[in-house]
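Asks: Provide a 3D model corresponding to the input given below.
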Amino acid sequence: MKQFKTIFLFEFGSYLKNKAFLIITAIILLAVIAVPCVPTVAGLIRKPESERETSDTRKAAVVSDILTPEILARYFSGTSFEFMSNADQAEEIMENGGYKFLLEADETDYTIYMNNVNIDSFAMLGNVEDMLRELRMKSLMKEYGLDEEAINDIYSIEITGRVRTSEGAADEEGYFQNYIYAYVLLFLLYMVMVLYGQQIVVSVVTEKSSKAMEILITSAKPLQLMFGKVFGVGLAGLLQFFSVLAAGAVSFSINGIFWADMYFADALDNVQEVAAASGMEEFVNILAAPVSPMLFVYLGIFFILGFFIYAFLFAAFASTASRIEEGNTVVAVPMLLIVVGFMGAIFGMMVPGAMFVKVLSYIPFTSSMVMFMRVCMGSAGALQAWISIVILAVSVVLCAYLGAKVYRTGVLMYGKPPKFAEIFKIFLKAKV
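Replies: Purely as a prediction, here's the structure:
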């Protein structure tokens with residue numbers, strides 16, 4: 001244990017004292033803190049309300065007998081319409097820069113005149129069609145004898161629905177919310193395994209190429225040496241990762257308070273109303289819904305176990321390389337397994353109940369991503385998740401033991417890196 005502690009503290013401390021590591025961490029921290037501040041700073045220096053009202057509001061002309069200011073305001077927020085009777089005159093004013101666009105419409109037909117076509121033009125077409133469709137439907141309802149109260153009741157109908165599964169616990173907003181979180185967290189898990197796994201490879205190969213490994217291997221058991229290195233490098237990497245993640249989350253949360261006040265409070269009462277006005281109410285509701293604490297419990301467990309099973313594989317395979325250039329070649333197998341797990345989880349998000357997804361969720365090299373995805377998507381219950389966790393935990397211990405066998409022999413091998421078949425023979429013959 002004393003040897004492990006010494007190696008662990010040395011590896012961990014070397015990263016904390018490494019100027020390049022600290023500078024990169026500081027730059028990333030400043031970036032994730034600064035990016036959410038940009039809208040806040042922009043809001044602080046924006047124009048006074050009286051000036052913004054004239055500069056930010058688009059002016060447009062409308063020629064129509066059926067449209068009203070009320071319905072135009074609902075479909076074109078931020079646009080001030082001027083009703084005109086002569087389309088030619090309005091078009092002439094628009095061409096001279098007086099209006100952003102001209103809308104000419106009757107019950108079933110419309111024309112939009114613009115000086116330039118841009119991405120907003122296509123969104124505008126949908127708004128106009130929806131607006132005219134609403135007016136036409138109301139007109140038909142009146143023709144069929146419905147009064148104004150009945151028409152308003154029809155348009156105020158609210159439909160609620162839910163999604164339930166027989167295996168998992170995701171339902172209603174939770175299903176779509178967890179879909180978003182699963183997608184984001186899978187990418188983070190993939191990045192951590194690849195980036196910090198490579199750090200372990202570099203550390204092992206560097207010591208071996210400098211001949212320092214020959215001294216270390218005679219003064220410490222290979223299992224303690226590998227564990228100390230994996231935990232030391234891993235802790236430094238995870239500390240960097242979670243520091244960046246926490247800084248970004250705090251910055252986003254603090255700046256979110258200012259965003260709501262600067263950009264939403266002036267015109268509307270709360271963020272939900274802004275979302276409703278912009279057509280993003282459902283998306284905001286999804287993100288605002290509370291997240292199950294167990295989701296973060298599963299994330300932490302799969303995150304740590306998944307990281308260490310690959311960390312031991314990276315260390316074992318890297319021990320057989322004599323140069324940094326060879327390191328990327330010998331770790332091709334662990335990298336391939338990570339890609340398989342990641343792609344299986346991404347495809348599984350579309351069909352989480354598929355048989356191949358279920359199989360991958362119990363294979364230890366892919367379960368950290370695939371089973372976590374299934375839990376998020378509600379296609380796996382608590383029992384299935386914990387069975388996968390137990391298999392993964394046992395596999396981590398087994399990989400550590402077998403990895404130490406390769407590590408002991410591999411760190412003393414120089415020259416051409418062995419092939420995968422030769423590494424497999426080391427698993428069977430070497431002693432820890």
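Asks: element containing residue 92, please.
Replies: With secondary structure defined by DSSP states H and E, residue 92 is part of helix 87-95.
Asks: how far away from the center of its chain is stretch 152-161?
Replies: What separates the centre of stretch 152-161 from the centre of its chain is 34 Å, taken as Cα atoms, centre = their mean, to the nearest Å.
Asks: how about stretch 341-358?
Replies: If you compare the mean C-alpha spot of stretch 341-358 with that of the full chain, they lie 17 Å apart, counting by Cα atoms, centre = their mean.
Asks: right, and residue 387 touches residue 362 too?
Replies: Yes. Between residue 387 and residue 362 there is a contact at 7.3 Å, judged by Cβ atoms under 8 Å. For the C-beta atoms, the positions are set from N, CA and C on the backbone; glycine is no exception.
Asks: show me what counts as buried in the helix holding residue 92.
Replies: Using 16 or more other Cβ atoms under 10 Å as the test for burial, helix 87-95 gives 87, 90, 91, 93, 94.
Asks: in TSV, list the residues you listed along with distance to residue 107.
Replies: As requested, the buried residues of helix 87-95 are exported to TSV (distance: Cβ to Cβ, whole Å):
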residue	distance to residue 107
87	17
90	20
91	22
93	25
94	24
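Asks: which strands and helices lie in contact with the helix holding residue 92?
Replies: Applying 3 or more Cβ pairs under 8 Å, 6 or more residues apart in numbering; DSSP states H and E, we find helix 87-95 packed against strand 58-63, strand 101-105, strand 110-114.
Asks: try it again at 7 Å.
Replies: Applying 3 or more Cβ pairs under 7 Å, 6 or more residues apart in numbering; DSSP states H and E, one finds that helix 87-95 contacts strand 58-63, strand 101-105.
Asks: just those strands: most buried one?
Replies: Ranked by average neighbour count under the criterion mean count of other Cβ atoms under 10 Å, the helices and strands packed on helix 87-95 are headed by strand 101-105 at a mean of 22.
Asks: count the neighbours of residue 401 for me.
Replies: Other residues lying near residue 401 total 13 when counted by other Cβ atoms under 10 Å.
Asks: and it, what are its phi and psi?
Replies: The phi/psi pair for residue 401 (degrees, to the nearest 10) reads phi -70, psi -50.
Asks: and it, what's its pLDDT?
Replies: The score at residue 401 is 82. That number is its pLDDT.
Asks: and it, how far from residue 235?
Replies: Note on residue 401: its distance to residue 235, by Cβ to Cβ, to the nearest Å, is 21 Å.
Asks: give the rounded mean pLDDT of stretch 142-152.
Replies: Taken as a whole, stretch 142-152 carries a mean pLDDT of 82.
Asks: for it, which positions count as buried?
Replies: Buried, per 16+ other Cβ under 10 Å, within stretch 142-152: nothing.
Asks: so which residues make contact with that stretch?
Replies: Where contact means Cβ atoms under 7 Å, 6 or more residues apart in numbering, the residues beyond stretch 142-152 that reach it are 138, 141.
Asks: ok, 10 Å please
Replies: Taking Cβ atoms under 10 Å, 6 or more residues apart in numbering as the criterion, the residues outside stretch 142-152 that touch it are 137, 138, 139, 140, 141, 153, 154.
Asks: buried set for the helix or strand containing the first one?
Replies: The one in question is residue 137. Using DSSP H and E, residue 137 sits in helix 119-143. Judged by neighbour count using 16+ other Cβ under 10 Å, the buried positions of helix 119-143 are 124, 127, 128, 131, 132, 135, 138, 141.
Asks: just stretch 360-374 next, same as before
Replies: Counting neighbours by 16+ other Cβ under 10 Å, one finds that the buried residues in stretch 360-374 are 360-361, 363-374.
Asks: for the residue nearest the centre of the chain, grab phi and psi.
Replies: Relative to the mean C-alpha position of the chain, the nearest C-alpha, by Cα atoms, centre = their mean, is the one of residue 184, at 2.4 Å. With angles defined as degrees, to the nearest 10, residue 184 sits at phi -70, psi -50.
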